[in-house]
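In: Curious how this folds, go ahead:
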Amino acid sequence: MPHGDADQGIRTPRSTFYDQGRFGRLFPALPAFAADTPTVRAQLVELGRPGGIMDAGETSTDPIALIVDATLSAENPDNPRLTAGMTFLGQFLDHDMTFDPTSSLARAQDPESIRNFRIPALDLDSVYGGGPGVSPHLYDQSVDHGRTTMLVEPIPKSDKHCVDKKVRFDVPRNAQGTALIGDPRNDENLIVDQLHLAFLKFHNRVVADVRGDLGVLATPQELFTEAQRIVRWHYQWLILHQFLPLTCGDALVADILANGRKLYDWHNSPYIPVEFSVAAYRFGHSQVRPSYRANFGTSATDPSKQFFARIFVHTASGTDPDDLRGGCRAPRRFIDWQTFFDFGDGRVRRNKLIDTKLSTAMFHLLGQPTDEPDSLAIRNLVRALTMEVPSGQRVAAAMQETPLSATDLADLEPLGLHKRTPLWFYVLREAAVQAGGQHLGAVGGRIVAEVFHGLIDGDPSSYLSQDPDWTPTYGTADTFAITDLLKAAGVVGTLT
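Out: Okay, the predicted model is just below:
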């Protein structure tokens, strides 16, 4: 079982201290939003079920129509503030912070008893693994004896499937097609897989530049260490100065950067709060589109020659399935980033509003155990129960924020959850009420922004710790965005 095999009913103690840098609680004194009873579980299943109030109800199977015909997603409108790629950048960031393959949906769980298989930091260990010495399979053995350069592989015949007729690349894979990467979850779908590739190639670009700067006398260890530092600092910059402002609100993030955090602190080292990992940071699930244009194929103008696909199709199969699942290599399986991020050419698409409607595909996930629900909404809601996460109302009060009104949550009254709302649902509804779904609200935004800021601030090797006045060198005008990273990595194809 991917989430552990503990027996239902066995309980573990609640911790109120965070000495180990694992998982913990922002509000250890607050009770869970509800007792774990069959009645409460039934209420959560009803709230998160396929066809329920959180299901956007998209019935079309035409991936192009789902993008161009807004009436097919009337309950799930586009977000004018955030582009489609921000959803997957958020997923990539999540995989860099946490990896919990042991917790259970079946029983209450003390967060500090859970081992985080990721270092709670934004340091790209999901890309670098343990480094060239510990994770040699991630590194190109033909360059500096495998001590400086990330391994990437060309996609055979991909030059026949793209406008610019240039070979596209994939993450390295073994003979069975399994991705050889620092975090296997980054091969869950084609988009985050290709984003992972972009970070590999950005590192390699920086290695080449550092080699020129340091000269022929630099050792491979010096080259790798300096390139890794530069990559990490640019990555941390775009999180603090692009991802967080767009996601959490410009004013809130500016306040944290100028005046510091109010909420998130630690004893010895940063930890991952369950209010963040189990609730607030799962806002991205509401942003996923039912379908995407993966690339422009052989024509920048003719949709019939482009690769459109739904995010998941259960009946899809083979080495080149008709959906966007990962784990596959085929000539057409690459990403043209102009659809996902704004390069100023008018081709970008948007993700979905942050609200309590999820794309219908999210209610039938791939690869779930037969004895567990495949609805992502049910899984999120039940996990908040087993992790004893407090209600959104109690968290808002503890943060001295005005809780949502009964009117704002009236649709939960039949389930008895309108006064003790699961924090994940509360954060989504708060974003819709306070920001029109364009970014997170007061509670969700501050939890997300402060944890990200704290993880970077608490990392002794981060730019905030070592050189807070540092500015990026790979962007323009002393700033750096995801489009700058993609261009520097050489993964943005030419469409004219």
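In: all helices of the stretch 301-450 of the chain, in order?
Out: Taking DSSP state H, counting those that start in this stretch, the helices of the stretch 301-450 of the chain run over residues 376-386, 392-398, 423-435, 442-457.
In: Mind listing the strands the helix or strand of the chain with the lowest mean pLDDT pairs with, and their directions?
Out: Across the helices and strands of the chain, mean pLDDT, DSSP states H and E gives its lowest value to strand 23-24, namely a mean of 85. Strand pairing for strand 23-24, determined by DSSP bridges: strand 272-273 (parallel).
In: quick one: contacts for residue 307?
Out: Residues near residue 307 by CB atoms under 8 Å, 6 or more residues apart in numbering: 161, 293, 294, 295, 296, 297, 332. C-betas here are computed from N, CA, C, even on glycine.
In: which two in those residues are spaced the farthest apart?
Out: Within the contacts of residue 307, 161 and 293 form the most distant pair, 13.9 Å apart (CB to CB).
In: between those two, which one's more packed in?
Out: More neighbours surround residue 293 than the other of residue 161 and residue 293, with 23 against 20 (other CB atoms under 10 Å).
In: wait, the more buried one sits on residue 306?
Out: Yes - the criterion here is CB atoms under 8 Å, and residue 293 meets it with residue 306 at 5.9 Å.
In: Tell me which helix or strand the residue nearest to the spatial centre of the chain sits in.
Out: Geometric centre of the chain, nearest residue: residue 91, 1.3 Å, by CA atoms, centre = their mean. For residue 91, the element it lies in under DSSP states H and E is helix 84-97.
In: Assumed residue 244 was part of a strand.
Out: No - according to DSSP: H, G, I helix; E, B strand; the rest coil, residue 244 belongs to no strand; its state is helix.
In: which residue packs closest to it, ignoring adjacent ones?
Out: residue 253 (4.7 Å; CB to CB, 6 or more residues apart in numbering).
In: for residue 294, same thing?
Out: Spatial nearest neighbour of residue 294, chain neighbours left out: residue 307 (4.5 Å); criterion: CB to CB, 6+ apart.
In: secondary structure class for residue 487?
Out: For residue 487, the assignment made with three-state DSSP gives helix.
In: In whatever helix or strand the residue nearest to residue 244 lives in, which residues are buried?
Out: Here residue 253 sits within helix 250-259, counting by DSSP H and E. For helix 250-259, burial by neighbour count (16 or more other CB atoms under 10 Å) applies to 252, 253, 256.
In: Run through the residues that contact the residue nearest to the centre of the chain.
Out: Counting by CB under 8 Å, 6+ apart, residue 91 makes contact with 188, 192, 284.
In: Quick check, the second one in contact with residue 326.
Out: Yes - the pair residue 192 and residue 326 qualifies as a contact (CB under 8 Å) at a distance of 7.4 Å.
In: Return the set of buried residues in the longest helix seen in the chain.
Out: Selection of the longest helix in the chain by residue count, based on DSSP state H, yields helix 190-214. Neighbour-count burial for helix 190-214 flags 190-207, 209-211 (criterion: 16+ other CB under 10 Å).
In: Between helix 84-97 and that helix, find me the angle.
Out: 70 degrees (axes from the mean of the first three to the mean of the last three CA atoms, to 10 degrees).
In: So which elements touch helix 190-214?
Out: Secondary-structure packing of helix 190-214 (3 or more CB pairs under 8 Å, 6 or more residues apart in numbering; DSSP states H and E): helix 84-97, helix 125-128, strand 169-170, helix 220-238, strand 291-295, helix 482-489.
In: closest to residue 441 out of the ones you listed?
Out: Ranking those by their distance to residue 441 (criterion: CB to CB) puts helix 84-97 first, at 16.7 Å.
In: hang on, the earlier thing: list just the nearest of the contacts of residue 307 to residue 134.
Out: The nearest member of the contacts of residue 307 to residue 134, counting by CB to CB, is residue 294 at 33.4 Å.
In: Determine the number of other residues adjacent to the residue lying closest to residue 205 once chain neighbours are set aside.
Out: Sequence neighbours aside, residue 488 is the residue nearest to residue 205 in space, at 5.5 Å (criterion: CB to CB, 6+ apart). Neighbour count for residue 488, taken as other CB under 10 Å: 21.
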